[in-house]
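Engineer: Quick one: sequence plus predicted model below, questions after.
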Amino acid sequence: MENLLGQIQIKVNEKIFLKDPNSSELGKRIISGSITMIDEIGLECFTFRKLAMKLETTESSIYRYFESKNKLLIYLTSWYWGWLEYKLVFSTTNIALPEEKLKVAIRVLADDKDEVDNYGHVNMGLLNRIVISESSKAYLTKEVDESNRVGFFEGYKRLVNRIGEIVLNINPKFPYPLTLISTIVEGIHHEKYFADHLPALTDIKNNSSELALFYTDMALATINQKS
């Protein structure tokens, strides 16, 4: 399946970037280098000047691709949601029972991404860690409504809607499919972050299988309770 996924071109809203980073070697280096640096020092300390020094290029050359580091973060998270959606589709295509499909979907959300697993110039393990620790900063801004209006978060919303449809296939009368799935997505991120940094806040210690099982049991119990 990973070989098939590696042949797919992930589409990101063109309004997020000034120049498509996939259109040049420098653009790809900007994506690869920013993932490594944001993972190392965090978004707050990350700057285009530091990235330019790392890549041995000019700060202005990076600004030709992205107008701000927030737009770069939105690009990285949008790319990740698009990749995850493709993975979800491949993983659930031949599953008939909606309950089983939901179990697989939650497992896809919870699975750890290996740091040695590269998708072209994208290190999936590092990008996954960035999504866990930094992705909420892409929309927790004063500009969120305008960003939403022009479609910056369509990838995330599409993923949640796709899994929400599975929920409705289990129970067509369930009134909160999007609330349930967005809670699960964000909850998985929080639990993984807590396990690494605030372990007193979680009972699940770096075990993606146990995390998937917890949220699967919670989801099915909630869905069936509303039958």
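Structural biologist: The structure has been received and is ready for your questions. Residues are numbered from 1 along each chain as shown.
Engineer: now what about stretch 127-144, what contacts it?
Structural biologist: For stretch 127-144, the external contacting residues (CB atoms under 8 Å, 6 or more residues apart in numbering) are 35, 38-39, 42-43, 70, 73-74, 76-77, 79-80, 112-113, 147-148, 152-153, 186, 189, 192-193. Using the backbone N, CA and C atoms, a C-beta is placed for each residue, glycine as well.
Engineer: and that stretch, which residues are buried?
Structural biologist: 127-135, 138-139 (16 or more other CB atoms under 10 Å).
Engineer: in the chain, which ranges drop under the pLDDT threshold?
Structural biologist: Residues of the chain meeting the criterion pLDDT under 70: 1-8, 114-117, 226-227.
Engineer: quick one: the helices in it?
Structural biologist: Here the chain has its helices, by DSSP state H, at 2-5, 25-41, 48-55, 59-63, 69-92, 98-110, 124-134, 144-149, 154-170, 177-197, 208-225.
Engineer: Identify each buried residue in the longest one, please.
Structural biologist: The one in question is helix 69-92. 69-88, 91-92.
Engineer: Could you report the neighbour count for the residue nearest to Ala52 when sequence neighbours are not counted?
Structural biologist: Among residues not flanking Ala52 along the chain, Glu59 sits closest, at 4.4 Å (CB to CB, 6 or more residues apart in numbering). By other CB atoms under 10 Å, 13 other residues sit near Glu59.
Engineer: Surely Glu59 is in contact with Ile30?
Structural biologist: No. With contact defined as CB atoms under 8 Å, Glu59 does not count as touching Ile30 (11.4 Å).
Engineer: So what touches stretch 10-20?
Structural biologist: Taking CB under 8 Å, 6+ apart as the rule, stretch 10-20 contacts 27, 63-67, 71, 74-75, 78-79, 82-83, 86, 150-152, 154-155.
Engineer: Just the terminal-to-terminal distance for that stretch.
Structural biologist: 12 Å (CA to CA, to the nearest Å).
Engineer: List the contacts of Leu43.
Structural biologist: With CB under 8 Å, 6+ apart, Leu43 has these contacts: 69, 73, 134, 137.
Engineer: Look up how far Thr93 lies from the last one.
Structural biologist: Using CB to CB, to the nearest Å, we find Lys137 at a distance of 33 Å from Thr93.
Engineer: Now do the same contact list for the closest residue to Met218 other than its chain neighbours.
Structural biologist: Excluding the flanking residues, the one nearest Met218 by CB to CB, 6+ apart is Ile184, at 7.8 Å. Residues in contact with Ile184, defined by CB under 8 Å, 6+ apart, are 106, 109, 215, 218-219.
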